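quick one, structure for this:
(2 chains)
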Number of protein chains: 2
Amino acid sequence: MSTFDTSTANLLSACEARKAIDEGHLSSQELVKACFDRIDSLEESIGAWSHLDKELAMQQAREADEFRSRGLRVGALHGLPIGIKDIIDTCDYPTELGTVIHEGRKPSSNATLVSLLKEAGAIILGKTVTTELALLSPGKTSNPHNNEHTPGGSSSGSAAAVASAMVPLAVGTQTNGSVIRPASFCGIYGFKPSFGRISRQGVLKQSPPLDTVGVFARCLEDLALIADVVMRYDQQDEAMSPIAPPCIGSVMAEPVPVDPVFAFIRTPAWDKTEQVTKDGFRELIEALNESKAKTIDIFDLPAQFDNIFEDHRVVMEADIARNFGKEYTCGKAELSAELRSMIERGQKITDEDYNASVATIADYASSLDEIFELYDAVLTPATPGPAPLGLHTTGDPVMNTIWTFCGTPTLNLPLLQSEEGLPLGVQLVGEKDDDARLFRTARWLLDSLNDL
Amino acid sequence: MSTFDTSTANLLSACEARKAIDEGHLSSQELVKACFDRIDSLEESIGAWSHLDKELAMQQAREADEFRSRGLRVGALHGLPIGIKDIIDTCDYPTELGTVIHEGRKPSSNATLVSLLKEAGAIILGKTVTTELALLSPGKTSNPHNNEHTPGGSSSGSAAAVASAMVPLAVGTQTNGSVIRPASFCGIYGFKPSFGRISRQGVLKQSPPLDTVGVFARCLEDLALIADVVMRYDQQDEAMSPIAPPCIGSVMAEPVPVDPVFAFIRTPAWDKTEQVTKDGFRELIEALNESKAKTIDIFDLPAQFDNIFEDHRVVMEADIARNFGKEYTCGKAELSAELRSMIERGQKITDEDYNASVATIADYASSLDEIFELYDAVLTPATPGPAPLGLHTTGDPVMNTIWTFCGTPTLNLPLLQSEEGLPLGVQLVGEKDDDARLFRTARWLLDSLNDL
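As a prediction, the model looks like this:
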């Protein structure tokens, strides 16, 4: 026991920390203290957090340790700290939505997903920085790999906090590319589940046909651990249906019934990818061809998909005009020029055009079904390149739009790197509502690469 | 496959039906049809249901079969029919609370527990008869073992429907003895969990410090199956805390670490028990002493407990006056004389007396803690005797008051019988918030008796 260095417990994955706590080598208080020590030393340069309350977090950790010492059964995340994007309601912390318009906003109850995390024993360490109303205008966060580069957005703080080992787990949201993009830029694992599988009750409403909650971690097992906690039916979210939880952890632990086959898809946005991405994927596919992954076909999307970016824009901007109408009317001067323009564009979209674009979601999705009849998963870049220089934008979500619009589950696997050492993600996309199989396929893919 | 008689599938336990469906011998549609055939032949004499919709139930069963055939993961209760007490909100069926005052009431959403059942794949077969506002005045239900006897109440229809194999599972509620008493009278397994472990959001509010949701089945495994689905934290129920689900099924399957020891407690209500109960318990204890159950001590409750019935009455009647004030004011003529008197008694209880009685809950509960330091579980009668003759009352809850008031988990085990063949239950009580251990102890007890 004495050989275990609790002062670096912040470096452990959630699964490792859970094991160390189970085996008596670590307490939740020691883990939370190590996370706060890390935050104390790095937060000034990274700026991942919008609200922190060390005293409250330490008190939760004490209670978690005390509960455990009574011998009662503990949940999957008992005593593990987690960061929550500041557009997700928490009653213990302010939830300010990334804009001064909502300064001091404090919800009276937790979002359903926060309540599920608390039931599982998680400790809400604090709220993480989001861009303005989870859209384009960046917050204070910088990329932990190079402070002059963006961490990506809009879940900037969640990705940066996990990447810099301030916390093992965090929650974000994606309406275009706000989970997978920052995960790619920050070099961590990210998961955007199938549409309608994590409750959005208590989460800022941006565009209901698109808004999706996602999670961040430093390994695939950790993503499965937290996903199994939050992927529960909630009748308060009208996009959800009462279907069984996916049990990702146990499915992922099963061997694959047959070796999976992959489609490498360039997407209509391929010409926006940087040379480093093209090179990285060429090498990755060569490496996989040398491994036991026998089938990687290069597959192009039907021409129909050329319009998906415009359909996504119509849905998202019309919804934003509707849902942020109050902010526009009452706080226009406090909004960024970019968001004002977006709202004004959205106001001009007719109901007819909006409905027509929403109706295309099912068409695109059924085109994807044809791919998933042939392939277990799609491989495609998570971002056009590594995190761009500068903190004035959070980068381009163009590699994420298709999968968000179609509601398919996607993972960011942090497998590539630029010459300057900036991370670059591989996006693995699975069939809608078979999130557990996507994880099992990802596990197999990572194992295959490790065997090389 | 051809040897499996699907027409008697209603006789299967939930676990057996689940296995038969998993193995392809039975479909959910066949099971639901068998249940409706049984209802068609027995409902006129038993009267367990207040609302049934065969078409809707068959449609749910078709959807369940279709979902399963797609190879997607199914929940713990996938395709299994269940009855819901008519004080628990359902949006697909009326919820009339056992009184003409609420005739035609149709909630706009499901109670949280119904939503959890649907997530697990259960088919809501219909709503079961409750007494008037879940209190004293009986509904139309009779005891399946003898139609001239009461089924017990207030969860009369739930207990009778399960006992007569119209449905394998049902949900009820207990504020005094409304789960354990009808389970005892109807000869089935019943479970009232620890206070605050099943959400009461969407359940008729009678007395918030006492109201507890419970479940019925024809075997212990089935109780565990459904309990694990509904025992989930819900922040909308202010009596709940975010603690981990108990995982009863898996704990129950573990061997006991050491042979459990039992306290046989007569309680201050012992002089109300009938001779058949006294004889039954004497024989049971003799039998257990011959079995491997080595320690069964006779234990008396401290004199302090003599007042618990009065404290329970004060809390319950004051709350009823408060919560049924609207029914009293607007529908007095439609209320039974007994309920009117109860409300009028409740109106006279001062806040001071109410608060003093509520405060005693913690005192009584800590006295019980001393017992549970020495014993794994308490054995005590579930009812003073078998179901009384006549349908004008639902029997005496006096054997249940202590455990409801203290919030301890209790099971009815249908182990005894009167000479006329009427069932009589053994109540097994566990330590508060250790519901899973209570089931494991019960499993051990049943196995010990089987080994005799």
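
show me the strands in the stretch 101-250 of chain A, by range?
A:123-128, A:169-174, A:189-192, A:212-217 (DSSP state E, counting those that start in this stretch).

does residue A:75 count as helix, strand or coil?
Classification of residue A:75 by DSSP: H, G, I helix; E, B strand; the rest coil places it in coil.

I figured it hits residue A:117, correct?
No: with contact defined as C-beta atoms under 8 Å, residue A:75 does not reach residue A:117; the gap is 9.1 Å. C-betas here are computed from N, CA, C, even on glycine.

got any residues that touch both of the two?
residue A:229 (C-beta atoms under 8 Å, 6 or more residues apart in numbering or on different chains).

higher neighbour count, those two?
residue A:117 (27 against 23; other C-beta atoms under 10 Å in any protein chain shown).

how near is that one to residue A:78?
11 Å (C-beta to C-beta, to the nearest Å).

wait, what's in contact with the residue in the stretch 251-400 of chain A positioned nearest to chain B?
Using C-beta to the nearest C-beta, the single residue of the stretch 251-400 of chain A nearest to chain B is residue A:251, 7.7 Å away. Shown in contact with residue A:251 (C-beta under 8 Å, 6+ apart): A:436-437, A:439-440, B:73.

let's see 10 Å
Residue A:251 sits next to A:224, A:228, A:434-440, A:443, B:73 when contact means C-beta atoms under 10 Å, 6 or more residues apart in numbering or on different chains.

for residue A:415, same thing?
Residues near residue A:415 by C-beta under 10 Å, 6+ apart: A:187, A:280-281, A:284, A:287, A:382, A:423-426, A:428, A:445-446, A:449.

which among those end up buried?
Applying 16 or more other C-beta atoms under 10 Å in any protein chain shown to these, the neighbour count classes A:187, A:280-281, A:284, A:382, A:423-426, A:428, A:445-446, A:449 as buried.

tell me the secondary structure for residue A:378?
Going by three-state DSSP: residue A:378 is strand.

surely it and residue A:431 touch.
Yes: in terms of C-beta atoms under 10 Å, residue A:378 counts as a neighbour of residue A:431; the distance is 9.5 Å.

these two: which has the busier surroundings?
Set residue A:378 next to residue A:431 and count neighbours by other C-beta under 10 Å: residue A:378 wins out with 25 against 20.

beta partners of that one?
Under the criterion DSSP bridges, residue A:378 forms beta bridges with residue A:263, residue A:429.

which ones are touching it?
Residues in contact with residue A:378, defined by C-beta under 10 Å, 6+ apart, are A:262-265, A:267, A:299, A:301, A:368, A:371-372, A:402-403, A:408, A:410, A:427-431, A:438.

if we can go back for a sec, now the common contact residues for residue A:117 and residue A:78.
Both residue A:117 and residue A:78 are contacted by residue A:123, under the criterion C-beta under 10 Å, 6+ apart.

and the residue nearest the centre of chain A, backbone torsions?
Chain A has residue A:179 as the residue nearest its centroid, 3.3 Å off, counting by C-alpha atoms, centre = their mean. When read as degrees, to the nearest 10, the backbone of residue A:179 gives phi -110, psi -50.

go ahead and confirm it touches residue A:404.
Yes: using C-beta under 10 Å, residue A:179 is in contact with residue A:404, at 9.1 Å.

quick check: neighbours shared by these two?
The contact sets of residue A:179 and residue A:404 overlap at A:192, A:212, A:410 (C-beta under 10 Å, 6+ apart).

I'd like the residues you listed as a markdown table, with pLDDT, neighbour count and distance to chain B appended.
Shown next, in a markdown table, are the shared contacts of residue A:179 and residue A:404 (pLDDT from 0 to 100; neighbours: other C-beta atoms under 10 Å in any protein chain shown; distance: C-beta to the nearest C-beta, whole Å):
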| residue | pLDDT | neighbour count | distance to chain B |
| --- | --- | --- | --- |
| A:192 | 98 | 31 | 20 |
| A:212 | 98 | 25 | 19 |
| A:410 | 98 | 32 | 19 |
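
where does chain A have its least confident helix or strand?
None of the helices or strands of chain A scores lower by mean pLDDT, DSSP states H and E than strand A:296-299, at a mean of 83.

quick one: contacts for the closest residue to residue A:393 other than its chain neighbours?
Once flanking residues are discounted, residue A:393 sits nearest to residue A:150: 6.4 Å by C-beta to C-beta, 6 or more residues apart in numbering or on different chains. Going by C-beta under 10 Å, 6+ apart, residue A:150 touches A:138, A:141-143, A:156, A:160, A:181-182, A:185-186, A:387-395.

likewise residue A:314?
Counting by C-beta under 10 Å, 6+ apart, residue A:314 makes contact with A:345-346, A:349-350, A:353-358, A:360.

try 6 Å this time
By C-beta atoms under 6 Å, 6 or more residues apart in numbering or on different chains, residue A:314 lies in contact with A:349, A:353, A:357.

looking at this, it is in a strand?
No: applying three-state DSSP, one finds residue A:314 to be helix, outside a strand.

what about residue A:66, how many neighbours?
Neighbour number of residue A:66 under other C-beta under 10 Å is 11.

for chain B, see how far away it is.
12 Å (C-beta to the nearest C-beta, to the nearest Å).
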